[in-house]
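my questions concern the predicted model and sequence given below.
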2 protein chains.
Amino acid sequence: MTIVLIDQDGPLANFELGFAAKWESRFPKEIFVSLEERRTFHIKDDYPPHLREHVESIYLEKGFYANLPITNGGLQGMREMENAGFSIYICTAPLSQYENCVLEKYTWMEKHFGKDFTRRIIVTKDKTLIKGDFLIDDAPNVEGIKSPEWKHILFDSPYNRHVTDRPRIKWDTWRDILPVSA
Amino acid sequence: MTIVLIDQDGPLANFELGFAAKWESRFPKEIFVSLEERRTFHIKDDYPPHLREHVESIYLEKGFYANLPITNGGLQGMREMENAGFSIYICTAPLSQYENCVLEKYTWMEKHFGKDFTRRIIVTKDKTLIKGDFLIDDAPNVEGIKSPEWKHILFDSPYNRHVTDRPRIKWDTWRDILPVSA
């Protein structure tokens, strides 16, 4: 039994697209940093200091997480991985301002993957405490109190392309990296 | 570094007391099963079938989890364990009807232990996927997909007294079981 932990925001929930839509409607006169221009993992850090409070206000708003679109290939990729026999768990870190995101991570999963799948959500700030064979995550560095048991597979994004020491996938290439004989 | 995972409802949040107060005000004419009479882990199962929907309505209600009182000794016990050098994480399973309890587990921890401590919450249906040296939990059986890494220490309750193969603590006896030299 191979356990694959999948990060929610990035691989599954399209945070970038959700943010872009809200940003352009709320702050149409401000600069917008497109996905291809993104260089840091935390979107706030890619904006000049005077705009960071605005950036934060977008993703702290009630409904932001619940209404994120799903990534291209996310639904099909997850189904393929399940059919290939992997045990899949969602491994997601909440914002420190947890008030909206924690519950909305559950409602989002239910909306896109069904109620049963909400049983597979693990919410934790520290992903190194979670057991698994692989972690698919767009964060360049996933660190914590433990040396992780899982192997980190980067979910490809412009802001993690400087990382070259780990395998990298998108939803159409996961079979190149994960051992399907599992 | 010794990691101690602590279950939230039971050891810390006094589910029983919170339930009793609501039950007696909402259904004063129905039978009430006192804590000392409890024999099953899920409170619903200790009530006759025709009352189970009522039982459920109590703990599914908005505000139930947020307003649970803290257990006797819970605050002091946690502080003592931290001072003894243990790394403490809260390891809590959400109800399948997650709508109120997930967020309220966070607000409860913040209310009693401070905002910083909410970073130490791990929400998971399957606790065997969490790494740690010990799990303090009032559930008689904590099972899941993996063989757990932690040693289960029972948090003593009337409904788990039939279990005799594991160490058992209350907040005033944890030092008898946990290796304080850690």
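It's in. Residues are numbered from 1 along each chain as shown, chains lettered A, B, ... in the order given.

pick out the residue in chain A sitting closest to chain B.
Residue nearest to chain B within chain A (C-beta to the nearest C-beta): A:V123, separated by 4.0 Å. Bear in mind the C-beta positions are built from the backbone N, C-alpha and C, glycine included.

quick one: contacts for that residue?
Going by C-beta atoms under 8 Å, 6 or more residues apart in numbering or on different chains, A:V123 touches A:92-94, A:102, A:105, B:102, B:121-124.

show me the residues you listed that map onto strands.
The strands, defined by DSSP state E, take in A:92, B:121-124 from those.

phi first, then psi, for the closest residue to A:N160 other than its chain neighbours.
Nearest non-adjacent residue to A:N160, counting by C-beta to C-beta, 6 or more residues apart in numbering or on different chains: A:P140, 4.6 Å away. Here is the backbone geometry of A:P140 (degrees, to the nearest 10): phi -60, psi -40.

hmm, A:P140 is touching A:T40, no?
No: at 9.0 Å, A:P140 does not count as touching A:T40 under the criterion of C-beta atoms under 8 Å.

of these two, which one has the most company?
More neighbours surround A:P140 than the other of A:P140 and A:T40, with 16 against 13 (other C-beta atoms under 10 Å in any protein chain shown).

what pairs with A:L5 across the strands?
Following DSSP bridges, A:L5 is listed with bridge partners A:Y89, A:L135.

before we move on, what's the pLDDT of it?
Here, the pLDDT recorded for A:L5 equals 98.

then A:P179?
What the model reports as pLDDT for A:P179 is 84.

how much space is there between it and A:L60?
Counting by C-beta to C-beta, to the nearest Å, the gap between A:P179 and A:L60 amounts to 39 Å.

and if you look at A:Y47?
15 Å.

more neighbours: which of those two?
A direct count of neighbours by other C-beta under 10 Å for A:Y47 and A:L60 places A:Y47 higher, at 19 against 14.

quick one: contacts for the more buried one?
A:31, A:33, A:54-55.

ok, of these, which come out buried?
The neighbour count (16 or more other C-beta atoms under 10 Å in any protein chain shown) marks A:33, A:55 as buried among the contacts of A:Y47.

of the contacts of A:Y47, which pair is most distant in space?
Pairwise distances among those were taken by C-beta to C-beta; the largest, 12.2 Å, belongs to A:V33 and A:H54.

of the ones in strands among the contacts of A:V123, which is the most crowded?
The most crowded member of those is A:T92, carrying 27 neighbours; neighbours defined as other C-beta under 10 Å.

what residues are up against the closest residue to that residue other than its chain neighbours?
Leaving aside its sequence neighbours, A:T92 sits nearest to A:Q8 (C-beta to C-beta, 6+ apart; 4.0 Å). By C-beta under 8 Å, 6+ apart, A:Q8 lies in contact with A:90-92, A:105, A:108-109, A:121.

can you get me a residue count around A:R166?
By the criterion of other C-beta under 10 Å, A:R166 has 14 neighbours.
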